[in-house]
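Peer 1: Starting from these lines, generate the structure:
(one chain, ligands or ions: 2)
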Amino acid sequence: MTTIIHNAKQLITCASPDGKPKRGAAMRDLGLIEDGALVIEDGSIAAVGTTADILATYSANELIDAAGKVVCPGFVDCHTHAVYAGDRLDEFEQRIQGATYMELLAAGGGIVSTMQATRAASLSELIDQSLPRLDTMLRHGTTTAEIKTGYGLNTFHELKQLRAIEMLAASHPLDIVPTFLGAHAIPPEHRAVHDAYLEHVIVDSLPAVADWIRRIRDAGARFTSRSAWGGVPVYVDVFVEDGVFSVDNAQLLWAAARHYGLQIKAHVDEFTALGGVSAAVEIGAVSVDHLDVTTDAEIAVLAASDTIGVILPAVNFNLGSPHYANARGMLDAGAIVALATDLNPGSAPCYSMPFVMAIACRYQKLSPAETLNASTINAAHAIGLGDRVGSLEVGKQADVLIVDAPDYRALMYEFGTNLVHTVIKRGEVV
Ligand code: NIG
Ligand code: FE
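Peer 2: Numbers count the residues shown, from 1 in each chain. Ligands and ions are numbered 1, 2, ... in the order given. A predicted model of the protein is given here:
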């Protein structure tokens, strides 16, 4: 089966010539081809070029005319908490009246209130509530997503979240990368002895997660046609913040994660700068996420490393904060930067990568091209899939968007609308 998309006003490849994540000047290069075309064979990209060249060389069973439109890679949302039950509508109103996000958490709400709803939900209820979220993401152009646990906060319910992620991945067109975030908050039953919960995560939950990974890897054959679980990485994440987990706590967790061969991500510097970036870089974390209050010294540490800084500006927007992460400073210092929604019921009920790009352009002074590279190729690297998705290059999965605009900058310029016209996942219009 050969499909050709042709006549694209702009074909944006986001190709990275060396196969690595982009930094510095490469972030401003989108690999843009005017009047571009793309050949898809059996779900993969077989050729990329100008319409004239491609039509002279290839013939197709199916032709898709993208006249007057932009063709670009599907977005990779590399940081979400999309599997949860319930909502936080009441807290939304409380925050409007002045309560802060951390006050609500300290008072037993916030993440803990979503934990209560998630524990109360059965596996099938959790899946039923989460599935429409993935559909919404797909409609807004996200074709690959990372999803974290972190609302179970004990072994049984964290595993239930992982199984929900597993079953969603097996049935939904999105490619999904799972992350174990047992260290997301302290559940009420452990509030008296804070460190007892960390011990539970390390001694009880982590081995169970390792067993689950072994099982899904062994079952790889059943998954390969859709999600190729065999090669999908699984991460361990932790919320490093005052009153939640310290850098010392995180280091204990990371040592245990390494013991099970798992890779590391961390929520750091969202509200308080605790030195989490240096610690995470030292252990070789794949990404550090949030970075809202990261110091210049730690930005320099990040820039000198291969750890990816994942910026989540929908959080600042949603919390009504005038302060945003210094993403411009990070890019200028040479750090690898990616963007994500952080989709979750508290700090970011946001499904749209174009909306995130729109914020990053306005409040963080990233150029439209920088935000697009940060939402595709760099985001793919942030979840270990940089060799499969995130750019339109020969051999990669055909995850392609047709955008209803003649110029890619419309994606960031217009907001409050959805310009994504067609979503193609593994070569098929979904
Ligand atoms: O990335 N800050 C910690 N965790 C999430 C929020 C989760 C929630 O509020 O439910 C975040 O912002
Ligand atoms: Fe998060």
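Peer 1: Tell me the residue of the stretch 1-150 of the chain that sits nearest ligand 1?
Peer 2: residue 111 (4.5 Å; Cβ to the nearest ligand atom). Just so you know, the C-beta spots here come from the backbone N, C-alpha and C atoms, and that holds for glycine as well.
Peer 1: wait, that residue sits on residue 148?
Peer 2: No. The criterion here is Cβ atoms under 8 Å, and residue 111 misses it with residue 148 at 11.3 Å.
Peer 1: what touches both of the two?
Peer 2: Shared contacts of residue 111 and residue 148, defined by Cβ atoms under 8 Å, 6 or more residues apart in numbering, comprise residue 184.
Peer 1: Return the per-residue confidence for the residue sitting nearest the centre point of the chain.
Peer 2: With distances taken as Cα atoms, centre = their mean, the residue of the chain nearest its centroid is residue 78 (1.4 Å). Confidence at residue 78, expressed as pLDDT, is 98.
Peer 1: Give me the phi and psi angles of it.
Peer 2: phi -90, psi 10 (degrees, to the nearest 10).
Peer 1: Can you show me the helices along the stretch 51-200 of the chain?
Peer 2: 51-57, 89-96, 101-106, 111-120, 123-139, 155-171, 194-199 (DSSP state H, counting those that start in this stretch).
Peer 1: Let's have those in TSV, adding mean neighbour count and mean pLDDT.
Peer 2: Putting these into TSV (neighbours: other Cβ atoms under 10 Å; pLDDT from 0 to 100) gives the following:
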stretch	mean neighbour count	mean pLDDT
helix 51-57	15	97
helix 89-96	13	95
helix 101-106	18	90
helix 111-120	21	97
helix 123-139	17	98
helix 155-171	21	95
helix 194-199	16	92
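Peer 1: could those helices go into TSV alongside distance to residue 335?
Peer 2: Below are those laid out as TSV (distance: least, Cβ to Cβ, whole Å):
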stretch	distance to residue 335
helix 51-57	36
helix 89-96	31
helix 101-106	26
helix 111-120	28
helix 123-139	26
helix 155-171	29
helix 194-199	29
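Peer 1: Of all those helices, which one comes closest to residue 16?
Peer 2: helix 51-57 (21.5 Å; Cβ to Cβ).
Peer 1: Tell me which other helices or strands the one helix or strand residue 5 maps to touches.
Peer 2: Counting by DSSP states H and E, the element that carries residue 5 is strand 2-12. When contacts are defined as 3 or more Cβ pairs under 8 Å, 6 or more residues apart in numbering; DSSP states H and E, strand 2-12 packs onto strand 32-41, helix 51-57, strand 62-65, strand 70-73, strand 400-403.
Peer 1: got the CA positions of the second one in CSV?
Peer 2: This points to helix 51-57. What follows is helix 51-57, C-alpha atoms only, in CSV (Å, rounded to 0.1, in the frame of the first residue of the first chain):
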residue,chain,number,x,y,z
THR,A,51,5.9,17.4,-5.3
ALA,A,52,7.5,17.5,-8.8
ASP,A,53,10.3,15.1,-7.8
ILE,A,54,8.1,12.7,-5.9
LEU,A,55,5.4,12.4,-8.5
ALA,A,56,8.0,11.8,-11.2
THR,A,57,9.5,8.9,-9.2
